[in-house]
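Student: Prediction below, plus the sequence it came from.
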2 protein chains.
Amino acid sequence: MKPKISVVTLGINSLEKSLKFYRDGLGWQTKGIMATQYQEDDKDAAGAVVMFRLNDDLILALYPRKELAKDANRPLDPKSATEFSLGHLVESRSEVDELIDLAVVAGAIITEPPRERPWGIYSGYFQDPDGHPWEIIWNPE
Amino acid sequence: MKPKISVVTLGINSLEKSLKFYRDGLGWQTKGIMATQYQEDDKDAAGAVVMFRLNDDLILALYPRKELAKDANRPLDPKSATEFSLGHLVESRSEVDELIDLAVVAGAIITEPPRERPWGIYSGYFQDPDGHPWEIIWNPE
């Protein structure tokens, strides 16, 4: 299997609320809510999704938790904020502070203000509207 | 904020078990368990982590759930398999089947065997040793 992730799909509770955070709050471009023509039925999950193009070859998708559960054929589990995190590297220490401030304005919750870590990075964490943790990182090396 | 993910960190229960799955089972290259010199203390999480270089500019990190919780300054939540999924695009329908078979041999659980979806893709899901869902996708378009 090639070492590759093509899509990171975040399970979310409200497409509108999550879209607003990532598009209007963080400033990421998207076509908005797509694939609404695919309605849920006995067999299939609903299709409605929001997609962002990241990096050169990565898609970030926002997709309702209950549809993700159905599409993966799994029961819907309770919310958890310690299953994964997403890291975002920046070019300077001040940019970490700026992005954490931006996230607060966008409605994020700061769980850990930026500080130096033993392994040499300077980083802080915020949670998106669904509790998904983002770490904003500056690595001076 | 630039539309970019630099690191996807998976919360895991056992570094050894998870390393074995991704390195030996899926065949991804890594330096193995790193940063073991950073021990947990009152303030900081332990540093031990496994990293894989993916795509051109993305790191997949395996990091214990309890350390992730401590690093993000959050309580450790119960396990959940519907917080996110990782999608892996392949070039053909048969490659979807082959990778799902490979994942089974590596010890993954198949939650949804490959099939056609209403939105035109052919895909199936497996869960890694920590329950994190991967969708293997062929998009004929």
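Tutor: Looks like it arrived, so ask away. Residues are numbered from 1 along each chain as shown, chains lettered A, B, ... in the order given.

Student: pLDDT score for A:Glu141?
Tutor: pLDDT, A:Glu141: 88.

Student: For the longest helix belonging to chain A, report the contacting residues that lie outside it.
Tutor: Secondary structure of chain A per DSSP state H: the longest helix is helix A:93-106. The contact list for helix A:93-106 (C-beta atoms under 8 Å, 6 or more residues apart in numbering or on different chains) reads A:21, A:24-26, A:88, A:90, A:110, A:113-114, A:122-124, A:126, A:134, A:136-138, A:140, B:1. C-beta: built from backbone N, CA, C; applies to glycine.

Student: Tell me how many other residues crowd A:Ala61.
Tutor: As a burial measure, A:Ala61 scores 19 neighbours (other C-beta atoms under 10 Å in any protein chain shown).

Student: again with A:Arg115
Tutor: 12.

Student: Next: the one 5 residues further on.
Tutor: As a burial measure, the neighbour count of A:Gly120 was computed by other C-beta under 10 Å and equals 10.

Student: The residue located most distally from the centre of chain A: which element?
Tutor: Ranked by distance from the centre of chain A (C-alpha atoms, centre = their mean), the top residue is A:Asp42, with 28.5 Å. When elements are assigned from DSSP states H and E, A:Asp42 belongs to no helix and no strand.

Student: Tell me how far it lies from A:Val49.
Tutor: 20 Å (C-beta to C-beta, to the nearest Å).

Student: And for A:Arg117?
Tutor: Taking C-beta to C-beta, one finds A:Arg117 at 34 Å from A:Val49.

Student: again, but for A:Ile110
Tutor: For A:Ile110 relative to A:Val49 (C-beta to C-beta), the value is 28 Å.

Student: Among those two, which residue is more densely surrounded?
Tutor: A direct count of neighbours by other C-beta under 10 Å for A:Ile110 and A:Val49 places A:Val49 higher, at 21 against 15.

Student: what number of residues lie near the residue lying closest to the more buried one once chain neighbours are set aside?
Tutor: Excluding its sequence neighbours, the residue lying closest to A:Val49 (C-beta to C-beta, 6 or more residues apart in numbering or on different chains) is A:Tyr63, at 5.0 Å. A:Tyr63 is flanked by 25 other residues according to other C-beta under 10 Å.

Student: Distance check, A:Tyr63 against B:Val49.
Tutor: 28 Å.

Student: And for A:Pro113?
Tutor: Taken as C-beta to C-beta, the span from A:Pro113 to B:Val49 is 22 Å.

Student: angle of the helix or strand just after the longest helix of chain A against helix A:93-106?
Tutor: As assigned by DSSP H and E, the chain's next helix or strand after helix A:93-106 is strand A:109-116. If you take axes from the mean of the first three to the mean of the last three C-alpha atoms, to 10 degrees, strand A:109-116 sits at 170 degrees to helix A:93-106.

Student: do strand A:109-116 and chain B meet at all?
Tutor: Yes - under the criterion of C-beta under 8 Å from any C-beta of the partner chain, strand A:109-116 makes contact with chain B via A:Thr111, A:Glu112.

Student: what about A:Ala81, how many neighbours?
Tutor: With other C-beta under 10 Å as criterion, A:Ala81 counts 24.

Student: thought it was touching B:Asp77?
Tutor: Yes - using C-beta atoms under 8 Å, A:Ala81 is in contact with B:Asp77, at 5.4 Å.

Student: phi, psi of the residue farthest from the centre of chain A?
Tutor: phi -60, psi -40 (degrees, to the nearest 10).

Student: try the one 10 residues further on
Tutor: Recorded main-chain torsions at A:Phe52 are phi -130, psi 140, according to degrees, to the nearest 10.

Student: Now the longest helix of chain A: buried residues?
Tutor: A:Glu95, A:Val96, A:Asp97, A:Leu99, A:Ile100, A:Leu102, A:Ala103, A:Ala106 (16 or more other C-beta atoms under 10 Å in any protein chain shown).

Student: Kindly provide the distance from A:Lys20 to B:Pro78.
Tutor: 28 Å.

Student: so A:Leu62 sits right up against A:Lys20, yeah?
Tutor: No - checked against C-beta under 8 Å, the pair A:Leu62 and A:Lys20 is beyond contact range at 10.6 Å.

Student: ok, these two, which is more surrounded?
Tutor: With neighbours defined as other C-beta under 10 Å, A:Leu62 and A:Lys20 compare such that A:Leu62 has more, 26 against 14.
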